[in-house]
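**Student:** Any chance you could fold what I've pasted below:
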Amino acid sequence: MAGIYIHIPFCDKACYYCDFHFSTSFKTKDQIISSIKQELRIRKNYLNSNKVNTIYFGGGTPSVLDKSELNDILSTINQYFFISQDAEITIEANPNDITTQKINEYISLGFNRLSIGGQSFCDKQLIKLNRTHTSFDIINSIKIAQDAGIGNINLDLMYGLPALSNKDWIKNLQQAIDLKVPHLSCYCLTIEKGTVFYKMVNNGKLKIDSDEKIKSQFLIMRDFLIKHNFNHYEISNFSKKKYESKHNISYWNGEKYLGIGPSAHSYNGVARHWNIRNNMKYINALEKNASFFEEEVLTRKNIINEYILTSLRTNKGLVSKKLFRLLKGKEFSVLMNQIDHFIGCDLMEKKQNTFFLTEEGMILCDKITSDLFLV
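**Tutor:** So this is what the prediction gives:
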């Protein structure tokens with residue numbers, strides 16, 4: 001199986017925390033859509049005729065596109081790729097973009113999963129993040145989608161936000177439960193270089209939460225959602241049974257995927273590719289049949305390190321037999337010693353010859369995985 005990701009690089013407004021590639025100018029929208037279609041034609045053989053099981057429109061804000069624009073891209077995908085009849089087809093949307101008409105259009109185009117960028121049910125927090133919607137918009141958009149027949153909904157929420165109390169974080173989680181959303185992607189605020197928040201932190205205008213408070217909100221989230229029968233299947237992702245994101249799981253399982261659009265990433269089992277992170281340079285490169293991406297051919301160490309990284313983030317864990325198969329004798333011994341160290345520190349645990357992060361380990365996931373990497 002394989003997946004296709006379409007990056008739509010436009011937003012109505014720049015959120016203060018976001019470092020994804022986007023533009024608030026829509027002048028190049030028609031050219032970008034034409035270039036996306038051209039890239040799909042050029043890379044029609046990238047997946048080696050593998051059946052496409054997931055299609056994901058991300059961004060940016062894909063919900064800024066109208067029905068005809070989305071149809072153009074989807075028609076091109078169907079023309080050049082073999083799409084599974086039960087493919088998961090997702091579109092990300094801002095809450096204030098959602099109307100009954102728009103949801104019905106999505107359904108008619110074949111979208112069967114909606115990912116809503118809510119972030120918080122607290123209006124004061126939304127203003128601080130420079131979001132374009134209100135808490136009412138989030139609630140309304142979810143109800144509109146559910147009433148129209150889309151039950152497979154993801155809601156993005158953020159913790160570690162400036163002045164977000166533990167009490168308000170619980171209220172956000174409870175609101176999502178009350179709305180019967182079957183999938184939650186819960187991300188900790190990170191201060192990324194080049195963002196407005198990054199400048200505010202450096203200027204002393206924004207104070208970030210302590211590690212202890214962030215840790216407490218992670219543990220509150222995990223305990224609360226598990227008690228409400230959510231499966232914590234990846235560090236930032238929780239779902240009801242059978243509502244896991246098939247698209248994201250394919251990334252973590254090391255399956256092939258094709259990323260289309262400026263800044264999109266691809267993986268074909270041999271190498272990783274990433275597209276130009278500039279709208280006009282991307283457009284011009286495709287118009288001139290010039291190179292529009294960079295490539296990294298994966299080494300044996302790359303493959304092993306990626307297995308460690310992706311597996312530890314999920315509830316599948318690191319399988320001892322696979323590690324033994326991938327690693328040479330001394331490498332395996334060194335890695336097992338490191339894992340034993342983390343087990344002794346209560347950061348990892350072993351179950352049926354598979355290694356998992358403990359709750360404490362999940363909080364330190366990035367540090368632990370980097371320590372386990374082959375160098």
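**Student:** burial count for the closest residue to residue 331 other than its chain neighbours?
**Tutor:** Of all residues not flanking residue 331 in the chain, residue 374 sits nearest, at 6.4 Å (Cβ to Cβ, 6 or more residues apart in numbering). Bear in mind the C-beta positions are built from the backbone N, C-alpha and C, glycine included. Residue 374: 17 surrounding residues under other Cβ atoms under 10 Å.
**Student:** same deal with residue 193?
**Tutor:** 8.
**Student:** In which helix or strand does it reside?
**Tutor:** Under the criterion DSSP states H and E, no helix or strand holds residue 193.
**Student:** how much space between it and residue 203?
**Tutor:** 14 Å (Cβ to Cβ, to the nearest Å).
**Student:** same for the helix or strand that residue 3 is a member of, what does it pack against?
**Tutor:** Secondary structure from DSSP H and E places residue 3 in strand 2-8. Using 3 or more Cβ pairs under 8 Å, 6 or more residues apart in numbering; DSSP states H and E, the elements in contact with strand 2-8 are strand 52-59, helix 246-252, strand 256-260.
**Student:** what's the angle between that strand and strand 256-260?
**Tutor:** Here strand 2-8 runs at an angle of 20 degrees relative to strand 256-260 (axes from the mean of the first three to the mean of the last three Cα atoms, to 10 degrees).
**Student:** coming back round to it: need the three-state assignment for the residue nearest to residue 331.
**Tutor:** Under the three-state scheme (DSSP: H, G, I helix; E, B strand; the rest coil), residue 374 adopts coil.
**Student:** Looks like it contacts residue 305 (just checking).
**Tutor:** Yes. Residue 374 is in contact with residue 305 according to Cβ atoms under 8 Å; the separation is 6.0 Å.
**Student:** Overlap in contacts, these two.
**Tutor:** Applying Cβ atoms under 8 Å, 6 or more residues apart in numbering, one finds that no residue jointly contacts residue 374 and residue 305.
**Student:** Quick check: residue 368 vs residue 157, distance?
**Tutor:** As judged by Cβ to Cβ, residue 368 and residue 157 stand 24 Å apart.
**Student:** Next: residue 237.
**Tutor:** Distance from residue 237 to residue 157, by Cβ to Cβ: 11 Å.
**Student:** Which residues are in contact with each of these two?
**Tutor:** Common contacts of residue 237 and residue 157 (Cβ under 8 Å, 6+ apart): 184-186.
**Student:** For residue 283, state which of the residues you listed is nearest.
**Tutor:** Nearest to residue 283 out of those is residue 185 (Cβ to Cβ; 30.5 Å).
**Student:** Quick check: longest strand in this protein by residues?
**Tutor:** Ranked by number of residues, the top strand in the chain under DSSP state E is strand 83-93.
**Student:** OK, contacts around the residue nearest the centre of the chain?
**Tutor:** Centroid-nearest residue in the chain: residue 248, 6.7 Å away (criterion: Cα atoms, centre = their mean). For residue 248, the contact set (Cβ under 8 Å, 6+ apart) comprises 234, 237.
**Student:** still on that earlier bit, nearest to residue 39, out of the helices and strands packed on strand 2-8?
**Tutor:** strand 256-260 (5.2 Å).
**Student:** For the closest one, report the contacting residues that lie outside it.
**Tutor:** 2-7, 36, 39-40, 43, 46-48, 50, 250-251, 265-269, 273-275.
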